[in-house]
Every structure is written in structure tokens, then in C-alpha cells.
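Visitor: Need a 3D model of the following:
(one chain, ligands or ions: 2)
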Amino acid sequence: MRSPWAAPSTPKKVRSMPDYNAEDVRNIALVGHSDAGKTTLVEALLAATGVIVEPGNIEKGTTVCDFDALEKKHLHSLDVGITGCETQGKHVNLIDTPGLPDFLGRGISVLPAVETAAIVINARTGIEPVTQRMWKAAEARNLCRMIIVNKIDAKGVNLGELTAQIQDTFGTECLPINLPADGGKRVIDCFFQPGGDATDFSSVAEAHSRIIDQVVEVEEELMELYLEQDEELAPEQLHAPFEKALREAHLIPICFVSAQTGTGIPELLDILARLMPNPPEGNPPLYVKGEGADAEPVGVSPDPEGHTLAHVFKVINDPFRGKLGIFRIHQGRVTGDTQLFIGDARKAFKVNHLSRLHGNQQIEVKAGGPGDILAVARVEDIHRDAVLHDSHDEDHYHLRPIECPVPLFGLAITPTKHGDEQKLTDALHKLESEDPCFRVEHNAAANETVMRGLGELHLRVLLRRLAEQFHVEVDTKPPSIAYRETITTLAEGHHRHKKQTGGAGQFGEVYLRIEPLERGQGFEFVDAVVGGVIPGQFIPSVEKGVRQVLQEGAVAGYPMQDIQVTVYDGKYHPVDSKDIAFATAGKKAFQDAVDKARPVILEPIVKIRILAQDSAMGDLAGDLSGRRGRISGSEAKSLGRIAIDGEVPLAGLEGYESRLKSMTGGEGTYTIELSHYEAVPASIQKQLQDAFERSED
Ligand SMILES: Nc1nc2c(ncn2[C@@H]2O[C@H](COP(=O)(O)OP(=O)(O)OP(=O)(O)O)[C@@H](O)[C@H]2O)c(=O)[nH]1
Ligand SMILES: [Mg+2]
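Guide: Ligands and ions are numbered 1, 2, ... in the order given. Take a look at the predicted model:
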């Protein structure tokens, strides 16, 4: 299992890194669909800069970033890998992310740590679902972006067509900064010193002038100079506007490489060192001060002399060695002596041992400054998304949260061994703290503990960690669907609660009105009682009773949503009226109203995107309609593949993964995201209603 401390299977030479300033740091996240070649590209970059003697290989399981046994078995990255290299006096932090849709959240969660998202595209398969999802995530984070087209050595690739497709999908700001030549055996620089060589498509001169035109557009004065001056603008004159164009996403350079043959790697290193932004040049990190709606943006500067501010973007729990918190320093310095607060904690911890990561190795370092990505071990209170700081001036600082897809794929679990309940809860809690797209829910209606992730593989990997690292075996079954209840029309409700039991009695009477709200609006409670017919102190009791029904459901035992409740009349008794009486009256009056308001059960509907060979289209469409789904469109992709978009109830997707594989000979993949809630068909509503018994107290 993955452990960042284990000795690597093939020891390689690792150079110790010298000190450097923020200006000399480049932070790059390699993102994009599975098989684009990200992990292999990291190997090529490390080998070209002498960090490793020779590039490792996915098939042999010898890469720096895919060091985990399960990654070697699957031949895919399942988690983030962090390493770095030096080139031209610059320190380049490289973060490799998994490209399988199931692990999307892990990729998204590293974005706050970098200035640049390098979107790696497989030249053979073109733009794929995760390419687009990561593009959007990087854009939402305001990151500078570049596109790396990999596998230009592969047979039958059409790089001209792919470039046009990239511009079509992501915009005409995407411009080649170099071009492939000799059928992908060379690449030719189009920016620094453009030569006149023949290329595989387009021309160097044209690519050069398009990129310069794009850069000068961001600065009027430069534009004028450009138009007046006969001579070419020198790269030095262009540096600042180039950075500005990157920051404003007015320019997204495309470069071409083969991670396997090494073509384009020196050119890529040149681009990383000379053009991609250092921390002061990138867009500033999105810090806010305060909580919720009161949070206000605050400026942070990559100044080593400022107060220390760092963000924990990843946490790894290892049952034997403790916890590792991986953070990015945004301001100030961190040394072994630094005392850091975690969030708003009053008590600081002393850093002691700091390290830089190189795959599963930790290399001890003495200090870090703005831009550095470092790790600290065995700090129990550290958690993902924590802000570390050395002064209370930075209390209540947060980084704007990442936007992760909602985990929809669920498994209901119970420990196999009796007595393992607590162990399971603890282990699940740890896994939850590591993974932004993993959630544990307790479904009270069905008395189920449900783990939710982005797909079957995601959960299988976590189950394996539960067993191997935390020694908890569990039994699994498909979970009950997360239905909701709502009403479809206005209705009135009334209840008079009167109880005489020997001693003091109970009395409360409530009249209320309910009406449907727009989908997603939740719940609103309005007090429209006049003249004190229900005294003010009992109104919260009425609301409490209503909320109990909201939580427990009135139709089939699922939480209710999108309802407004207005209490407008009632009666009280000076002696017998008490909280419990009004809570009961509120609850029963609400149930009474719901019964008359044509209640329905809602189910989650997801948007689905399936990618497969086009010959499977007929089978896929037929299967999806059998699952109550429908197709909304399809798009032909290169190499005889097709992307199909549609909508389907989440309940219909049980067992879809294996069905899809069998319909497509293992080729098909799919991604889902929550679209909306919709009423279930009447027959399903009846089944669910029949199985439900309403609580009477
Ligand atoms: N022909 C060719 N194959 C490559 C190249 N780069 C990587 N590959 C192969 O493509 C496959 C996938 O490479 P990876 O580096 O694992 O791709 P990845 O993007 O890290 O994939 P995930 O970890 O699943 O996201 C491996 O078999 C590599 O050997 C390349 O430039 N040319
Ligand atoms: Mg990988």
C-alpha cells in the first residue's frame, strides 16, 4: 500500500536542492485524462534534468510517481505524485495527478498549490472527459494554463487536426509555441528563435506571428511600438506582457512532446523555466478572511519576510508512521523552528522536520519560502485544506474551497467482524479527511452506513486500503437511493393536540399553510400569527415539530425539501400549553397539510457522458433507455470513437460499470455528475410508500 516513507523499489540518484528565491520557483500540476502520459512525462523531465539516471516505465512499475503497489498493478496513477527538478537555475515542482475519472477530486485538490495547470492531451485520443473537467477546474481557480500534446511519436496521429480541435473546444487563445516536424521526431521552437524549417503542419513564421500578436494585445503601448518598430520585439521586451497574457488566459501555449522518445522535452523545460509564471508572476492565491457569506478576499504576497501563510492541500494517513501534511507556502518562510497555528487554533505546533517529496521519498530540508511545496510529519491536528500561519493576524484565513464533483457512487457497508464498528468509523474518518470526493453518510431511514465516491474503482481502492492498512474487512451491498420528498401544490393543515393524563395536561392547536418552493430552495418557515393566539415562545416549538417531519419524511421516510410553511393561527391554554404540546401540534398539522398537497418522491438525476467506439452506439442507447435514461446528443471523436451525452436516474445506474465494459469490450468509460432532482414514476412511488410506516410520536 501507498506509504510515502517506504524505500523505493529501484533506488535512483536524488540530488539535494539548493536554496532559491520565489522568483526561481515554478509550480506545475500535470493534469488530463488517463493515459495521456503524465506520469511518463514526469519521468522524461526528471531524467532530462539529471534527477534520475534514466526514465522509469509504467509497464515495469519503475516510475517515481506511481510507486504504490496498486498503481503498479493497475498501470494507472491512483493518487497524486509530487517531485521536482532543476533547470536553468529554476526549481520546478511537478505534481502528477491521476487521470481516471474516479480520481478527479485528487487532481482538482492540488490546483490551489500551483500557478500553472499543464493540461496533457494524448495525441492519439484527443480531448477526453477529464481533459475538459480539469480545464474547467483550472479556469475556475484562475490558473495560468498550458497544453502539452504528448505521444507525438505515435502512428497515425494528426496533430494539425488535433490543434484545430483544441482551438475549437478551448478557444483561439490556444496557440502552438512550437511545432512538430519530421513526423513527430523533432519539434521546432516558434517563439524564442523561430527557424525556417519545414514542420508537420502550419508554418513556424505563422505560429510565431500569431503568438506575438496575441501577447502584444494585452498592452497598448507595446502594441503601438510593435506596429511602429520595424524590427522584431526581443523576448525580453515580451516577458512581462507574456506573463500578463497567461494570467488573463489571453494566451494558452500549446507545445508538443513525446514523453517516450524524449522529443520536445528540452523545449518544454525551456518553456517552463523561461515563460511559465513564478509565484509573483502568477495569479494570486484566492485567500479570504472570515466565514461563509461574510468572507472577504484578502491579498497575500509571496514575500519571504511576511507573516508565514501556507495551505495544506493534501494529507496522507499511514497507520504505522502517522500523518503527513503536504502544504504550499504562499507567504513568509518555514523552518524547523517555526511555530505554526492550524486554522484558528490557539496552540501552535513546532515544525521540527521539514521535507520535500520525491515520489515516496522524503528529502529533509532546512527551510522553505514562498512557492515551496513541503511536507511535515506527525502533526495530528493537521487536515486537508487547513491554513497554517505564524501570527493571529491571519486567524480566519481560508483559501477559497475547491469545487469537487459530488460523489454519487455509493456502497452500503457493515463490518464483517462484530465489534469492528469503532475501528471502521475511525478508519473511514481518516479516509474522508484525505479525499475531497469521498464521503461517508449515515442513512437513518435504511439504517445504513454508505460510502460515496466518484466510481466503482474509487471505492474498490478505498476498500482495499481499509482492509490492508486499517485491518477492517467490510461487507458491501448497493445502498438505498437518496430519495427526497416534496409537495406539488398548496394546502392547509390543522391539528389540535389535547392530552389529559392525571396530572398536568397538554394543549396546543396549530393552523398552517404549505406551498411548494422552487427546486433547490430548501425550507422556509414563516410566522404569520397575529394577536398572540400562539404565544411567541411556542413558535420555535411548532417549527421544531415541522422540522422533525422534514427530516423523517411524510410519504416514504426520506427528507423533505422545497417547502414553505406559514403558521397563521392557533390556540393556547394558559396552564396546559407547553413546548411538547406545540411541537406535536406543529408536526401533526404539517403531516395533515402534506397529505393534501399531492406529495411526490424525488430522485437524483445525473448527467452522463459515455466515451466508446461508435459501433457500440446502438447497444449503449438501448441499455440506457432500459435504465430509464435518455440520450441528448453525441459527438464523433477521432479514431472511430464517440462521446454520448444523456441523462439517467442515479437509481438506474446500478451495475453500470461492468455492463458498459461488457458492451464495449472493455473500451468504454463514463462520467456522471448530479443534474437535478425529479419526481419518480408513480409505480416506484407506490412501492416506496408501501414500505414506509410513519412514526406516530
Ligand atoms: N507512444 C507513446 N506512448 C506513451 C508516451 N507517453 C506515455 N506513453 C504510454 O502511455 C501509457 C500511459 O502512460 P502514463 O504515463 O501512465 O499516463 P498517465 O497520463 O499518467 O495515466 P493515468 O495515470 O491513468 O492518468 C503507458 O503505457 C506509457 O508507456 C509517448 O510519448 N508515446
Ligand atoms: Mg499517471
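Visitor: how near is the residue in the stretch 51-200 of the chain that ligand 1 sits nearest to to ligand 2?
Guide: The stretch 51-200 of the chain approaches ligand 1 most closely through Gly99 (2.7 Å), counting by CB to the nearest ligand atom. No exception for glycine: its C-beta is placed from N, CA and C like everyone else's. Relative to ligand 2, Gly99 is positioned 6 Å away (CB to the ion, to the nearest Å).
Visitor: Residue ranges of each domain in this protein, please.
Guide: What automatic domain parsing lists as the domains of the chain is 22-214+250-274, 299-399, 409-480, 485-598, 603-684.
Visitor: Mind checking if the second one is in reach of ligand 2?
Guide: No. Applying CB under 5 Å from the ion, one finds that domain 299-399 is not in contact with ligand 2, the shortest distance being 12.0 Å.
Visitor: tell me how far the ends of that domain are from each other?
Guide: Using CA to CA, to the nearest Å, the end-to-end distance of domain 299-399 comes to 11 Å.
Visitor: same check, this time on the first one
Guide: Separation of the first and last residues of domain 22-214+250-274 by CA to CA is 14 Å.
Visitor: Ok, the third one next?
Guide: As for domain 409-480, its first-to-last residue distance stands at 11 Å under the measure CA to CA.
Visitor: returning to what we had before: the residue of the stretch 51-200 of the chain closest to ligand 1: neighbouring residues, count only.
Guide: 27 (other CB atoms under 10 Å).
Visitor: I'd assumed Ser77 was in contact with it.
Guide: Yes. If you go by CB atoms under 8 Å, Gly99 and Ser77 touch, sitting 7.0 Å apart.
Visitor: Find residues that contact each of those two.
Guide: Residues within reach of Gly99 and of Ser77 at once, by CB atoms under 8 Å, 6 or more residues apart in numbering, are Lys38.
Visitor: tell me which element the residue of the stretch 51-200 of the chain closest to ligand 1 is part of?
Guide: Under the criterion DSSP states H and E, no helix or strand holds Gly99.
Visitor: Could you pull up phi and psi at the closest residue to it other than its chain neighbours?
Guide: By the measure of CB to CB, 6 or more residues apart in numbering, the closest residue to Gly99 outside its immediate chain neighbours is Ser34, 3.7 Å from it. Phi and psi for Ser34, reported as degrees, to the nearest 10, are phi -60, psi 140.
Visitor: what are the ranges of the strands in the stretch 201-350 of the chain?
Guide: All strands of the stretch 201-350 of the chain, identified by DSSP state E, counting those that start in this stretch, fall at 252-256, 287-289, 296-297, 309-318, 322-331, 334-335, 339-342, 349-350.
Visitor: Sheet partners, orientation included, of the third one?
Guide: Sheet pairing for strand 296-297, assigned by DSSP bridges, gives strand 287-289 (antiparallel).
Visitor: Can you give me the buried ones in the strand it pairs with?
Guide: For strand 287-289, burial by neighbour count (16 or more other CB atoms under 10 Å) applies to Tyr287, Val288.
Visitor: what does it contact?
Guide: With contact meaning CB under 8 Å, 6+ apart, strand 287-289 is reached by 295-300, 309, 330, 396-400.
Visitor: Narrow those to just the buried residues.
Guide: Of these, these count as buried by 16+ other CB under 10 Å: Val298, Val300, Leu309, His330, His396, Tyr397, His398, Leu399.
Visitor: buried residues in the helix-or-strand element of the chain with minimal mean pLDDT?
Guide: Of all helical and strand segments in the chain, the minimum by mean pLDDT, DSSP states H and E falls on helix 220-228, at a mean of 79. Across helix 220-228, burial judged by 16+ other CB under 10 Å covers Leu222, Tyr226.
Visitor: Repeat that for stretch 147-155.
Guide: Ile147, Ile148, Val149, Asn150, Lys151, Ile152, Asp153.
Visitor: Columns distance to ligand 1 and pLDDT on top of the contacts of strand 287-289, output as CSV?
Guide: Converted to CSV, the contacts of strand 287-289 look like this (distance: CB to the nearest ligand atom, whole Å; pLDDT from 0 to 100):
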residue, distance to ligand 1, pLDDT
Ala295, 34, 89
Glu296, 37, 93
Pro297, 33, 94
Val298, 35, 95
Gly299, 35, 92
Val300, 31, 94
Leu309, 31, 97
His330, 27, 97
His396, 37, 93
Tyr397, 33, 95
His398, 30, 95
Leu399, 25, 94
Arg400, 26, 91
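Visitor: Many thanks, I have nothing further to ask.
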